[in-house]
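Participant: show me the folded form of this:
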Amino acid sequence: MCAGFLEGREKRDEIGCSWTSMEFNKQLANHRRSPEIGANEAEMREISWSAEKELARRANILSQCRYVKTPAGPPANFHARSESDRFSPDARPTLIRNATIWTSGYNGTEVVQGDLLLLKGLIRGVGAVAPSLLRDLDIQVVDANGAWVTPGIVDLHSHLGVGSAPDLDGSDDTNSVKAPMLPWLRSLDGLNTHDYGYQLARSGGVTTAQILPGSASNIGGQAFIIKLRETTKRSPSSMLVYSMSRMDTGWNFRQAYDTARKIRDQQDNFCAKAEAGSWQEIGDSTFPEDLQWEALVDVLRGRVKLAVHCYEAVDLDAIVRLSNEFRFPVASFHHAGETYLVPDLLRKTWGGAPSIALFAANFRKKREAYRGSEFAPRVLASNGLPVSDHYVINSRYLVHEAAQAHYFGLPTNVALLSVTATPADAMGLGHRIGRIEEECTDVVIWDSHPLSLAAMPQQVFIDGIPQLNAPQVSVKPPGFQSPPNTPDFDKEAADAFIYEGLPPLEPRSAQHTIFTNVSSLYVRSMDDISVQEHPENVIVHNGKLVCSGHCSSYTTDDKHAETIDLEGGCIVPGLTIYGPSLGLAEIRLEPSTTDGIVFNPLVDDPPAVLGDSIIRAIDGLQFGGRNTLGGVTAGVTAPSGSFVRGSSTAFSLGAPNILDNGSIQSDVAMHVAITKNNEQSVSTQIAALRTMLLGKGSDAMLSRVRAGTATLVVDVNSADIMASILRLKRKYETRSGKTLKMTFAGAIESHLIASDIAHAGVSVIVTHPKPFPYTWDERRFLGGPPLTADSLVSALLAAGVQVGVGLPDEFEARNLRWEVARLALASNGTIDRTTALALATVNVERALGVDVDMPQDLVAYKGGDVFDFEGKPVAVISAQLGRTDLFE
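Facilitator: Below you'll find the predicted structure:
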């Protein structure tokens, strides 16, 4: 109602609706002074109430109009604040002394030596802290002893708290599949404050994360940014920093944005009338809004930062066109595997090129990610595009992602920016996080340079509050206090771009090779690894080592030999990978590229033609895949499935096919999986295994297991299930009089019964050396440093268990050397170099029951060590194939 309160509805047109608030108040005062009106006090009170109500309505309308037109960013008085809005009164001021401070300033090149003051949740001094700032403070002093200090790590792409850990049906809020367009959903409304992942992320230095809905829908909903510290309020809202939305691709986008555009235009027209005082024209209308579409309206206004999940150039192109059609900016593309192939396209995004949030190495698991490249970050950076690293859920290792990108050529300053200032800016929060400067928050003290292998926090401060209780940190080698001197990958990066992510993999081969400037040579036997320090020269003929050390006759007489200067590098045994479906799956989520899933006898009857046969992995092997690189020369792989998986096989990764020296051992072990996630109960699975061991089934491999001549490998993570299997093993051995050879694979909770496992003579292959409680069976994991003194591997070794290390995913195979190195570097000296190499060679082979002589394959690393971010694999010396394959 606009003006009928004065003289009734029939007077609306006469009085009109175009007055300003000042004119309205004046007219109301005149009516109040009128004797005619004053005679009726009740009527006057009604008029007064109606007038005030109308004034409030108009004020609210004008406030809404101002709100929707206010640009994103900090309030005008933000930089005048004296304490953080997230400050906890219990937090003592902290002075970090004697630090090497990487501030992220000057495009990531500024390093300051000195002190840093955290006061009332804010950084208040950097370098030389003024004594006046310290006066009368109850201050705690932390002596960094020269350690690196960086801003808190910022995770631009995370599902922490919505993709809950452990993953349970009752707490899985990553996606809604109710409709393709869901901009009204909010990750905040599904945030689990009890998620185990927060603590793990903090232990990796992560202080802030953008929590995104999943990508199952075209528009998944609104993301929210949270700080990862616990709060006394224990609510999702108390973790909040800022909000924004999230999307993908398709025709439905145009419909959705057209709907949002219409609402925006209606709002603008409405506000224009209100701001002009045209209240008569507005009448009883209310501010036009629709809660379902308000997030997209804010995107069009640039008030919300937009994060887009897509991989391929075709999808990137669609989003860029959409942004120009509807004139909205894109803050960041996520996963974005093919962005490095189309840098010019990205620059055409309306409002400027977005940040690109990339995996460092997680490619090829699905078709749209198949052309991703480890060189993508450096290519994008060289084109002036901002790059950010991400890990999705287990963001504890976000800095390790940046370190990998650095290894493959991302400049040092850009790599550090990729997990600090760049994602902070993409979130719209660069004024408060991602930097070490006045009025920002959150810092991390590191045990070594953040881009060195196995770097971990000594302490993490969120809002000025320390997050690690009695952190356990190992002393790192002195050289790790500087950024790694990474290899030259210029040619490989150029090839990745030229061949659109699929460069040729075929090496050139040599029969006679001379390696010079060799710092160390490690050679394996069946059960051991020996080392020769500083051999200087290593001579290879037809894939076999014929001389090391003083080999003058070979170096002068062989005119046809190829000479390779390793520049102080090393030669070590090729590693053996177990865990992923390497050799059975090229693109994991594309069934036509995999061997498939074996029948589960507890669910369906296998075809009669199979009889009692156990499926054999050797029958489904494929060679020449793109995951078989990086110093790993042999693989042991088992069929994929639940419960009875089948018989594993050992094979050479460098062979062209199974007939050409591809097979190492046809049948290695029999594999079963027992977990709460199978279709049948755990008790049913163990009962079935008991029946198989006691005589059901006549397959030759099963018979070998019963006889104790082949190993039974059980994929299992729960300590309770492992205990039940140990009990079954003991009973079987008592009844049969034979020793049951057994290995647990996965075994995330095995530290809880480590002494029992050792006593039973059971081996363990740790296939998740980066522990995370993905399932209920894994919830009692051992966090490892800095959360606990021991990792799972070091705890098992200390208990006397035979331990090997594997990895779960195909793309990770090439990273196996870094994983065992990381375990050794964090072990406080309990795992030496030889033991670390054994974890991924003789130990894992022994645990699986490989009973043939493994090929004496060696890998040459140039310019550094197998266990750092400086060595580059340049040659594989293969006795199995009778040649040396060269990759430079």
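
Participant: for residue 800, give me its contacts.
Facilitator: By CB atoms under 8 Å, 6 or more residues apart in numbering, residue 800 lies in contact with 755, 758. Heads up, the C-betas are built off the backbone N, CA and C, glycines and all.

Participant: measure it to residue 495 for me?
Facilitator: Remark: distance between residue 800 and residue 495 (CB to CB, to the nearest Å) = 48 Å.

Participant: what's the answer for residue 570, then?
Facilitator: 26 Å.

Participant: comparing the two, which residue is more hemmed in?
Facilitator: residue 570 (26 against 16; other CB atoms under 10 Å).

Participant: CA atoms only: put the helix or strand that contains that one into CSV for me.
Facilitator: For residue 570, the element it lies in under DSSP states H and E is strand 562-573. Output in CSV follows, covering the C-alpha atoms of strand 562-573 (Å, rounded to 0.1, in the frame of the first residue of the first chain):
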residue,chain,number,x,y,z
GLU,A,562,76.7,-44.3,-26.1
THR,A,563,78.1,-42.1,-23.2
ILE,A,564,75.7,-40.5,-20.8
ASP,A,565,76.9,-38.0,-18.1
LEU,A,566,74.7,-38.5,-15.0
GLU,A,567,76.0,-35.3,-13.5
GLY,A,568,76.3,-36.8,-10.0
GLY,A,569,73.2,-38.9,-10.4
CYS,A,570,72.7,-42.5,-9.4
ILE,A,571,71.8,-45.9,-10.7
VAL,A,572,69.3,-47.9,-8.6
PRO,A,573,67.1,-51.0,-9.1
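
Participant: residues touching that strand, excluding its own?
Facilitator: With CB under 8 Å, 6+ apart as the criterion, strand 562-573 contacts 510, 512-524, 529, 538, 631, 837, 841, 856-866, 871-872, 874-875, 877, 884, 886, 888.

Participant: ok, for residue 439, nearest residue in space, not its chain neighbours?
Facilitator: Closest residue to residue 439 apart from its sequence neighbours, by CB to CB, 6 or more residues apart in numbering: residue 122 at 5.4 Å.

Participant: which residues in the stretch 201-350 of the chain form helices?
Facilitator: 251-275, 279-282, 294-301, 313-326, 343-347 (DSSP state H, counting those that start in this stretch).

Participant: against residue 228, how distant is residue 334?
Facilitator: 19 Å.

Participant: just to check, residue 624 is in contact with residue 652?
Facilitator: No: assessed by CB atoms under 8 Å, residue 624 is found out of contact with residue 652, at 12.0 Å.

Participant: now, which of the contacts of strand 562-573 lie within helices?
Facilitator: Under the assignment DSSP state H, these contribute residue 837 to helices.

Participant: so which of the contacts of strand 562-573 belong to strands?
Facilitator: 510, 512-524, 529, 538, 858-862, 872, 874-875, 877, 884, 886 (DSSP state E).

Participant: okay, now the unreliable bits of this protein?
Facilitator: 1-47, 167-188, 215-221, 234-237, 242-252, 390-393, 526, 555-558 (pLDDT under 70).

Participant: next, the buried residues of the longest helix anywhere in it.
Facilitator: Ranked by number of residues, the top helix in the chain under DSSP H is helix 41-69. Using 16 or more other CB atoms under 10 Å as the test for burial, helix 41-69 gives 47, 50-51, 54, 57-58, 61-62, 64-65, 68.

Participant: do stretch 109-120 as well
Facilitator: Buried, per 16+ other CB under 10 Å, within stretch 109-120: 112, 115-120.

Participant: quick one: which of those sit in strands?
Facilitator: Reading strands off these with DSSP E, I get 112, 115-119.

Participant: before we move on, back to that, of the buried residues of stretch 109-120, closest to residue 198?
Facilitator: Closest approach between those and residue 198, by CB to CB: residue 118, at 20.7 Å.

Participant: quick one, strands of the stretch 1-150 of the chain?
Facilitator: For the stretch 1-150 of the chain, the strands defined by DSSP state E, counting those that start in this stretch cover 94-102, 111-119, 122-127, 140-143, 148-151.

Participant: what's in contact with stretch 700-711?
Facilitator: Contacts of stretch 700-711 (CB under 8 Å, 6+ apart): 612, 614, 616, 647, 667-670, 692-693, 712, 736, 738-743, 847-849.

Participant: now the residues you listed: which count as buried?
Facilitator: Here, 16+ other CB under 10 Å leaves 614, 616, 647, 667-670, 692-693, 712, 740-743, 847-849 buried among these.

Participant: export stretch 607-619 to CSV, keeping only CA atoms.
Facilitator: Once non-C-alpha atoms are left out, stretch 607-619 reads as follows in CSV (Å, rounded to 0.1, in the frame of the first residue of the first chain):
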residue,chain,number,x,y,z
PRO,A,607,29.3,-69.3,-15.9
ALA,A,608,29.4,-73.0,-15.8
VAL,A,609,32.2,-73.0,-18.4
LEU,A,610,34.5,-71.6,-15.7
GLY,A,611,34.0,-74.5,-13.3
ASP,A,612,36.1,-74.0,-10.2
SER,A,613,38.7,-72.0,-12.0
ILE,A,614,40.2,-68.8,-10.5
ILE,A,615,40.6,-65.9,-12.8
ARG,A,616,44.2,-65.3,-13.9
ALA,A,617,45.5,-61.7,-14.4
ILE,A,618,48.0,-62.9,-17.0
ASP,A,619,45.1,-63.6,-19.4
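
Participant: what about residue 624 and residue 652, which has more around it?
Facilitator: A count of neighbours by other CB under 10 Å puts residue 652 above the other of residue 624 and residue 652, at 25 against 13.

Participant: pull the number of nearby residues for the spatially closest residue to that one that is not a sequence neighbour.
Facilitator: Closest residue to residue 652 apart from its sequence neighbours, by CB to CB, 6+ apart: residue 880 at 5.3 Å. Residue 880 has 19 neighbours, counted by other CB under 10 Å.

Participant: number the residues from 43 up from this point.
Facilitator: With the count now opening at 43, the last piece we talked about shows up as residue 922.

Participant: name the residues of stretch 695-708 that are buried.
Facilitator: Neighbour-count burial for stretch 695-708 [16+ other CB under 10 Å]: 695-697, 700, 703-708.

Participant: oh, I was asking about stretch 613-632
Facilitator: For stretch 613-632, by 16+ other CB under 10 Å, it's 613-630.

Participant: likewise stretch 321-333?
Facilitator: So stretch 321-333, judged by 16+ other CB under 10 Å, has buried residues 321-322, 324, 329-330.

Participant: list just the nearest of the residues you listed to residue 677.
Facilitator: residue 330 (61.5 Å).

Participant: show me what the helix or strand where residue 574 lies packs onto, helices and strands only.
Facilitator: Residue 574 belongs to strand 571-583 when assigned by DSSP H and E. Contacts defined by 3 or more CB pairs under 8 Å, 6 or more residues apart in numbering; DSSP states H and E place strand 571-583 against strand 554-566, strand 586-590, helix 594-599, helix 875-881.

Participant: how far does that strand sit from its chain's centre?
Facilitator: With CA atoms, centre = their mean, to the nearest Å as the basis, strand 571-583 stands 38 Å off its chain's centre.

Participant: repeat for stretch 548-555
Facilitator: 37 Å.

Participant: what's the first-to-last distance across it?
Facilitator: In stretch 548-555, first residue to last residue: 18 Å (CA to CA, to the nearest Å).

Participant: that older thread, report the angle between the axes of the strand holding residue 612 and strand 586-590?
Facilitator: 100 degrees (axes from the mean of the first three to the mean of the last three CA atoms, to 10 degrees).

Participant: ok, then the element right after strand 604-615?
Facilitator: Following strand 604-615 toward the C-terminus (DSSP H and E): strand 617-620.
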